[in-house]
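In: Sequence and predicted structure, then a few things I'm wondering about:
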Amino acid sequence: MKLPNGDKAQLGDKIERYSLNLHHAKGKDKAILFNNRLGITLENKDQLEIALLDAAVHQEAEIYKIDDYGTHYDIKFFMATATGSSWVLSCWIIRTNEDFPRLTNTYPVDQ
């Protein structure tokens, strides 16, 4: 299945505040993985943002869970940069009473 309303996906500040933040207690490990595998840092985060928004529209999604907050989806996609390549997991939520997906997490994963 495709992510519902993937063309309306919003990234918010999750990438800057968490996934690529070397100073975040939990996010720093993701930031290190993005840098080591793909050469992505806060300075060139646009590559990741473009890939995430493209995946939200074109890649297959699966429901991870449904809870009081909304429906949670996972999308796993392959990403390549001039520095390297990796599978990337992106996690999204469509909150109850909303009709668009919001990024909740993203990080490189093994296939």
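Out: Alright, I've got the coordinates.

In: all helices of the chain, in order?
Out: 14, 27-38, 46-58 (DSSP state H).

In: Quick check: which of these is nearest to Phe77?
Out: helix 46-58 (4.4 Å; C-beta to C-beta). Quick note: C-beta positions are derived from backbone N, CA and C, even for glycine.

In: Could you dump the helices of the chain into TSV and include distance to Trp87, mean pLDDT and mean neighbour count?
Out: Shown next, in TSV, are the helices of the chain (distance: least, C-beta to C-beta, whole Å; pLDDT from 0 to 100; neighbours: other C-beta atoms under 10 Å):
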stretch	distance to Trp87	mean pLDDT	mean neighbour count
helix 14	19	95	20
helix 27-38	9	97	18
helix 46-58	11	98	17
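
In: list the contacts for Gln10?
Out: Neighbouring residues of Gln10 by C-beta atoms under 8 Å, 6 or more residues apart in numbering: Phe100, Pro101, Arg102, Leu103.

In: got CSV for those, with pLDDT, distance to Gln111 and neighbour count too?
Out: Below are the contacts of Gln10 laid out as CSV (pLDDT from 0 to 100; distance: C-beta to C-beta, whole Å; neighbours: other C-beta atoms under 10 Å):
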residue, pLDDT, distance to Gln111, neighbour count
Phe100, 98, 29, 16
Pro101, 98, 24, 28
Arg102, 98, 26, 17
Leu103, 98, 22, 22
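
In: The residues you listed: which two are farthest apart?
Out: Top of the distance list for the contacts of Gln10 (C-beta to C-beta): Phe100 and Leu103, 11.0 Å.

In: overlap in contacts of these two?
Out: Joint contacts of Phe100 and Leu103 (C-beta under 8 Å, 6+ apart) are Ala9, Gln10.

In: ok, now how distant is Ile50 from Ile63?
Out: Relative to Ile63, Ile50 is positioned 25 Å away (criterion: C-beta to C-beta, to the nearest Å).
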